[in-house]
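Visitor: I need the structure of the sequence given here:
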Amino acid sequence: MRHPTSPGRLWAALSLAFLLVSCGGGSSPAGASAGGGQPPTATIDADTGPIARDQAIVVHFSETIDIASLTLGGEIGAAAATEWSQASAANDTLTLRPRGGTWPVGEGRQLTVDARNLAGLALARVGTTYIVPVRFAAFPPAETVIGQPDFQANQGNRGGTVDANTLYGPEGSVAVSPDGKLFVPDYYNQRVLVFSAIPSTVDASAMFALGQPDLQSDNAPIGRTGFGVIGGLSIAGGRLLVTDRDVGRVLIYNTVPQDASAMPDVVLGQPDFTSAGAACGPSRMNVPEAGILTEDGKVLVADSRNNRVLIWNAVPADPGSAPDLILGQADGLHCNSNAGGSIPSQRALSSPVGIWSDGKRVVVSDQNNNRVLIWNSFPTSNFQPADIVLGQQTFTAAAGNDDNQDGLTDVHPSPRTLRSPSSVSSNGLQLAVTDQDNHRVLVWNEFPKQSFQPADMVLGHSGFTQSTPNDLDEDGAADAAGASASTLSDPVGVLLKGDHLFVSDAGNNRILIFRAH
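Guide: Residues are numbered from 1 along each chain as shown. From the prediction side, this is the model:
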């Protein structure tokens, strides 16, 4: 479906324009003559940003191109079958179609084009970046599991002691670094495990841990190198963010750690790296559950028990810096649930525990109100109202699993209801939400544009009306065999990244990794 004014398309279009200018190229109509010994120019005529999985991409050149000189790069280029045709001159139009029927799914899928004209003059390279939507089979099994020896086991630390391949209640979202390392929050073991790459097999071991002196320890003192219990993680702009929830702080590493010696550079929520404790106030926090870094340098924190979201427009340098903006409260001195009201509103929050932003939009899981709020543009003032609500039809409703919106919890969930949603994630096109008390992950195939919009996909169950944890046969009772590759128990973290979907399956003490098709 085409959305000419979507934020993703605008971003990609601007990226393409930048590439053309920075590489010395330009664009001209398809039939224009280069003349005068000038090199050819080209434009890419396609839905930049989000594209359909099987969509044709057309490149228009300003004149006839030497076919043998064509070089395509990036994931899209490598997967493309080519067809030349004529608009105003022979071989001035190139159509790309996916050889295997679909383009490589995920965000950041690149296409670059190099070519020469018949006179041998080179085109200034042109290119752009696409988002290709991911899809999952019905009731899909995970590709692999972290923290357990197999898909059935579910005890914390495997029923034994902490080690390089164990987890104990991972209660936040994982993060992936630009060089492919996987960072995993290990809640009760008070550490972040770092894997050299995204594991492709069961029983992978971390290469090092942050927060502990080694991979067999779980009781390091709290300070600059020791954590309390870990919430969510985020990597963007070359930085790592860690929410140290029970210490009431957020830690930021200005460089993504490469080994266990790394120490955070910035602390938010406390005046220094040794202070701890919860409080309400402009520069304090009370159980920050999740935080997100954006590529353009913003910092957003879900300050859950202060019932607000804190926003810094740039990564601060000073410890305990106050935020630039606050959502959910009128100022930094008030922290009551629903801003002190008896019911939710378009502005107020009650235990926000998950957050996502691309620097242009903001998504918050408002857990106690059983809803997800969306700001379609980046907020510019305190207490700014949200634009869209998911899980409820109106901004004043709060009951969980209330499809008929009568204020009472229904017997079964539906594609548009939520019950204690926790984490949220997006690839810029699709939105994923961990619906914790329904023991499932919901995915919207396009960024929601209206309130109470139903989800398109569900993971953890065979359909949208089931809600029992670890219920592979969907008989309404948890299976005696324990967990499985397809079921979930208290999923509290999610990351949609490339062709992977990572779920922090806290009740089963594991991370599940699903691969899209």
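
Visitor: what's the local residue count around residue 85?
Guide: Residue crowding around residue 85 was assessed by other CB atoms under 10 Å; the count is 11. Every C-beta, even on glycine, is put in place using the N, C-alpha and C of the backbone.

Visitor: and the one 10 residues further on, by the same measure?
Guide: By the criterion of other CB under 10 Å, residue 95 has 16 neighbours.

Visitor: can you check residue 251 too?
Guide: Neighbours of residue 251 (other CB under 10 Å): 26.

Visitor: that one: what secondary structure?
Guide: strand (DSSP: H, G, I helix; E, B strand; the rest coil).

Visitor: for the protein, what spans make up the helices?
Guide: With DSSP state H as the criterion, the chain has helices at 7-22, 74-78.

Visitor: comparing those helices, which yields the minimum mean pLDDT?
Guide: Mean pLDDT values for the helices of the chain show the minimum at helix 7-22, a mean of 35.

Visitor: quick one: contacts for the residue nearest the centre of the chain?
Guide: With distances taken as CA atoms, centre = their mean, the residue of the chain nearest its centroid is residue 425 (3.4 Å). The contact partners of residue 425, by CB atoms under 8 Å, 6 or more residues apart in numbering, come to 173, 356, 431-432, 494-497.

Visitor: let's have those in TSV, adding neighbour count and distance to residue 306.
Guide: TSV is the format used below for the contacts of residue 425 (neighbours: other CB atoms under 10 Å; distance: CB to CB, whole Å):
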residue	neighbour count	distance to residue 306
173	34	20
356	28	19
431	26	25
432	24	26
494	27	23
495	28	25
496	26	27
497	20	29
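
Visitor: between these, which is nearest residue 234?
Guide: Within these, the smallest distance to residue 234 is 7.5 Å, found for residue 173 (CB to CB).

Visitor: right, and the closest one touches residue 230 too?
Guide: No. Counting by CB atoms under 8 Å, residue 230 is not a contact partner of residue 173; they are 10.7 Å apart.

Visitor: and for the two, which residues touch both?
Guide: Among the neighbours of residue 173, those also in contact with residue 230 (CB under 8 Å, 6+ apart) are residue 185.

Visitor: partner strands of the top strand by length along the chain, with direction?
Guide: Longest strand of the chain, by residue count under DSSP state E: strand 106-114. Neighbouring strands of strand 106-114 in its sheet, by DSSP bridges, are strand 71-73 (antiparallel), strand 126-132 (antiparallel).

Visitor: would you mark the buried spots in it?
Guide: Across strand 106-114, burial judged by 16 or more other CB atoms under 10 Å covers 106-107, 109-114.

Visitor: could you do stretch 136-155 as well?
Guide: Those would be 136, 139-140, 142-148, 151, 153-154, for stretch 136-155 by 16+ other CB under 10 Å.

Visitor: list just the nearest of those residues to residue 447.
Guide: Using CB to CB, residue 136 comes nearest to residue 447 of those, at 17.6 Å.

Visitor: where do the strands of the stretch 101-250 of the chain begin and end?
Guide: Secondary structure of the stretch 101-250 of the chain (DSSP state E, counting those that start in this stretch): strands at 106-114, 126-132, 144-146, 175-176, 182-186, 191-195, 208-210, 230-236, 239-244, 249-253.

Visitor: ok, for residue 452, nearest residue in space, not its chain neighbours?
Guide: The shortest distance from residue 452 to any non-neighbouring residue, by CB to CB, 6 or more residues apart in numbering, is to residue 393 (4.4 Å).

Visitor: also residue 516?
Guide: Nearest residue to residue 516 in three dimensions, chain neighbours excluded: residue 134, at 3.5 Å (CB to CB, 6+ apart).

Visitor: in a markdown table: the buried residues of strand 106-114, plus pLDDT and distance to residue 381.
Guide: Shown next, in a markdown table, are these (pLDDT from 0 to 100; distance: CB to CB, whole Å):
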| residue | pLDDT | distance to residue 381 |
| --- | --- | --- |
| 106 | 94 | 34 |
| 107 | 93 | 30 |
| 109 | 94 | 36 |
| 110 | 95 | 37 |
| 111 | 96 | 39 |
| 112 | 96 | 41 |
| 113 | 97 | 43 |
| 114 | 98 | 46 |
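
Visitor: show me the contacts for residue 349.
Guide: With contact set as CB under 8 Å, 6+ apart, residue 349 has these partners: 307-309, 327-328, 337-339, 364, 366, 369, 373.

Visitor: try 10 Å
Guide: By CB atoms under 10 Å, 6 or more residues apart in numbering, residue 349 lies in contact with 302-304, 306-309, 327-329, 337-339, 364-369, 371, 373, 386.

Visitor: ok, residue 437 next?
Guide: Contact analysis of residue 437 by CB under 10 Å, 6+ apart lists 367, 370, 400-401, 413, 418-422, 467, 469, 490-491.

Visitor: by neighbours, which of those wins?
Guide: When those are compared by neighbour count (other CB under 10 Å), residue 418 ends up highest, at 30 neighbours.

Visitor: isn't that one up against residue 435?
Guide: Yes. Counting by CB atoms under 10 Å, residue 418 touches residue 435, with 5.3 Å between them.

Visitor: quickly list what's touching both of those two.
Guide: By the contact definition CB under 10 Å, 6+ apart, residue 418 and residue 435 are jointly contacted by 365, 370, 372, 391, 400-401, 442, 455.

Visitor: okay, domains of this protein per the record?
Guide: Domain assignment of the chain by automatic domain parsing yields the ranges 7-132, 144-515.

Visitor: so how far is the last one from its chain's centroid?
Guide: In terms of CA atoms, centre = their mean, to the nearest Å, the centre of domain 144-515 is found 10 Å from the chain centre.

Visitor: that one - what's its average pLDDT?
Guide: Mean per-residue pLDDT for domain 144-515: 97.

Visitor: start and end of it, how far apart?
Guide: Start-to-end span of domain 144-515 (CA to CA, to the nearest Å) is 9 Å.

Visitor: residues near the nearest residue to residue 171 once chain neighbours are set aside, how many?
Guide: Nearest residue to residue 171 in three dimensions, chain neighbours excluded: residue 187, at 4.3 Å (CB to CB, 6+ apart). Look at residue 187: counted by other CB under 10 Å, it has 25 neighbours.

Visitor: for residue 348, give me its contacts.
Guide: By CB under 10 Å, 6+ apart, residue 348 lies in contact with 307-308, 327-330, 336-341, 366, 369, 373, 383, 385-386, 395.

Visitor: what about it, distance to residue 132?
Guide: Relative to residue 132, residue 348 is positioned 37 Å away (criterion: CB to CB, to the nearest Å).

Visitor: for residue 511, same thing?
Guide: To residue 132, residue 511 is 24 Å away according to CB to CB.

Visitor: these two: who's more crowded?
Guide: residue 511 (30 against 27).

Visitor: contact partners for the closest residue to that one other than its chain neighbours?
Guide: Leaving aside its chain neighbours, residue 511 sits nearest to residue 146 (4.1 Å; criterion: CB to CB, 6+ apart). Residue 146 sits next to 165-167, 170, 174, 182, 184, 186, 193, 195, 198-199, 202-206, 502, 504-505, 510-513 when contact means CB under 10 Å, 6+ apart.

Visitor: at 7 Å instead, please
Guide: Contacts for residue 146 (CB atoms under 7 Å, 6 or more residues apart in numbering) come out as 167, 184, 199, 204, 510-511.

Visitor: cool, residue 387 as well?
Guide: By CB under 7 Å, 6+ apart, the contact set of residue 387 is 374-376.

Visitor: please redo it, this time with the cut-off set to 10 Å
Guide: When contacts are counted by CB under 10 Å, 6+ apart, residue 387 is found next to 346, 361-362, 373-377, 449-451.
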